[in-house]
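# Below is the structure, and that's it, no one-letter string:
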């Protein structure tokens, strides 16, 4: 059944790795170089906006707006939840900070990130690390929350609220080599964050980054797959609310899939976004429009798909289209199918050789839906029925497109997150389900 939750924009698995400027101390004294310096280039200079700021030898490219897009240069998550870090497998080349996700580099002060799951990774020699960040509130305000991961261990998150504010992310470590990472837990509607550099103390400072994983995955979706409200409980900690401190992309299905597959993840997910209509009927910024942006709430930030190529793309959208608002009627299957096919066409044009998985999320249900709504059946027809998006494209010769209907979530045990979103156990189960589908299709 459909619970009274705002169906959030479905997530697609995308992997983006950016090897842009690393702001750090090089002398171990904790000094911070000029924001925007690019330690990934041989001479440490900053590449002009729109050029390739990736680590030499990778396939990264710059977006048309100066967005960073290095397709092969991020840390590997080889097992579920485990970040591959430390000395082993470090990239050859100069010291650099690694960016994973879509980063807008037009601001000389530092690259900006907004999509959930955006990551900044640094390998360093030292005992302490701080990071300087600036928060700009989003459509729903703020603040932004970030996970902090040191040597593969997830610590307490940080709350980003200020302008050019320093946050301690590692302290009192044993002398030697370490890896520190910050990871955006929250969605773009809660803020865009500018990265202004790491500062290291107690050692030689920034080192070459960890080796990149061999696989890349991109996920498109809404809040149902990106860890929205996963740490809250609808019966007590977040009754009739969804405080951002309970959002955690690392506990969402998308992250768990990429981690299990040992793949870099590029996650484009936004609450309430649909393919034909959004949950907010007055909002005409559909998911397809946001998908073409580096920063989803900035129409001037045009993403360049040429700079990054995932091996697999997962699409989990449609919930917002079939959420009833003020008693309105369900959309026609023909209308939704036309827009869904246009989105898939955009993905296929950008990534001719990628595996594409069109899915119907577990919380999209017919039982309990409003009168006239059969979202699970309708989306299955739209994607996999006669004349459906996947059916038609397969018949037309696309052998790398697939359909998956997630096993239905059980209420209430699976849906205890804020606004009845999935809990961690359900995200884990659905990730395992999708991993099997992807492995069967790809041979991974």
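Cool, the structure landed. Everything numeric here is computed off the predicted structure, so don't read it as measured data.
# do you know how far the residue nearest to residue 241 when sequence neighbours are not counted is from residue 240?
Setting aside the residues directly before and after it, residue 241 is nearest to residue 418 in space (Cβ to Cβ, 6 or more residues apart in numbering), at 6.8 Å. All C-beta atoms are positioned from the backbone trio N, CA, C, and that covers glycine. Separation of residue 418 from residue 240 (Cβ to Cβ, to the nearest Å): 9 Å.
# Compare neighbour counts for those two and give me the winner.
residue 418 (24 against 8; other Cβ atoms under 10 Å).
# which residues touch that one?
228, 229, 232, 233, 234, 237, 238, 241, 242, 243, 246 (Cβ atoms under 8 Å, 6 or more residues apart in numbering).
# so where does the second one fall, helix or strand?
Under the criterion DSSP states H and E, no helix or strand holds residue 229.
# pLDDT score for the nearest residue to residue 170 once chain neighbours are set aside?
Leaving aside its sequence neighbours, residue 170 sits nearest to residue 129 (Cβ to Cβ, 6+ apart; 4.1 Å). With respect to pLDDT, residue 129 scores 98.
# Name whatever forms a beta bridge with residue 129.
Note on residue 129: beta-bridge partners by DSSP bridges are residue 170, residue 200.
# I'd assumed residue 181 was in contact with it.
No: assessed by Cβ atoms under 8 Å, residue 129 is found out of contact with residue 181, at 10.4 Å.
# Now do stretch 291-303, average pLDDT.
97.
# tell me which residues of it are tucked away?
291, 292, 293, 294, 295, 296, 297, 298, 301, 303 (16 or more other Cβ atoms under 10 Å).
# Now the first one: phi and psi?
The phi/psi pair for residue 291 (degrees, to the nearest 10) reads phi -60, psi -30.
# Counting neighbours, what do you get for the residue nearest to it when sequence neighbours are not counted?
Nearest non-adjacent residue to residue 291, counting by Cβ to Cβ, 6+ apart: residue 268, 5.9 Å away. By other Cβ under 10 Å, 34 other residues sit near residue 268.
# per-residue pLDDT, residue 268?
98.
# just to revisit the earlier point, between residue 129 and residue 181, what contacts are shared?
Common neighbours of residue 129 and residue 181 (criterion: Cβ under 8 Å, 6+ apart): residue 122.
# Show the backbone phi and psi for the residue nearest to residue 400 when sequence neighbours are not counted.
Nearest non-adjacent residue to residue 400, counting by Cβ to Cβ, 6+ apart: residue 355, 4.9 Å away. Torsion angles at residue 355 (phi, psi; degrees, to the nearest 10) stand at phi -80, psi 130.
# Which residue ranges make up the domains of the chain?
17-207, 214-442 (automatic domain parsing).
# ok, back up a step: of the contacts of residue 418, keep whichever come out buried.
Looks like the contacts of residue 418 have 228, 229, 232, 234, 237, 238, 242, 246 buried, using 16+ other Cβ under 10 Å.
# out of those, who's nearest residue 205?
residue 246 (35.5 Å; Cβ to Cβ).
# Surely that closest one touches residue 234?
No: Residue 246 lies out of contact with residue 234 (Cβ under 8 Å); the separation is 10.2 Å.
# list residues touching both of these two?
Joint contacts of residue 246 and residue 234 (Cβ under 8 Å, 6+ apart) are 417, 418.
# now the most centrally placed residue in the chain, what's its secondary structure?
Taking Cα atoms, centre = their mean, the centroid of the chain lies closest to residue 267, which sits 2.4 Å from it. Following DSSP: H, G, I helix; E, B strand; the rest coil, residue 267 is assigned to strand.
# hey, what's residue 264 bridged with?
Beta-bridge partners, per DSSP bridges, of residue 264: residue 216.
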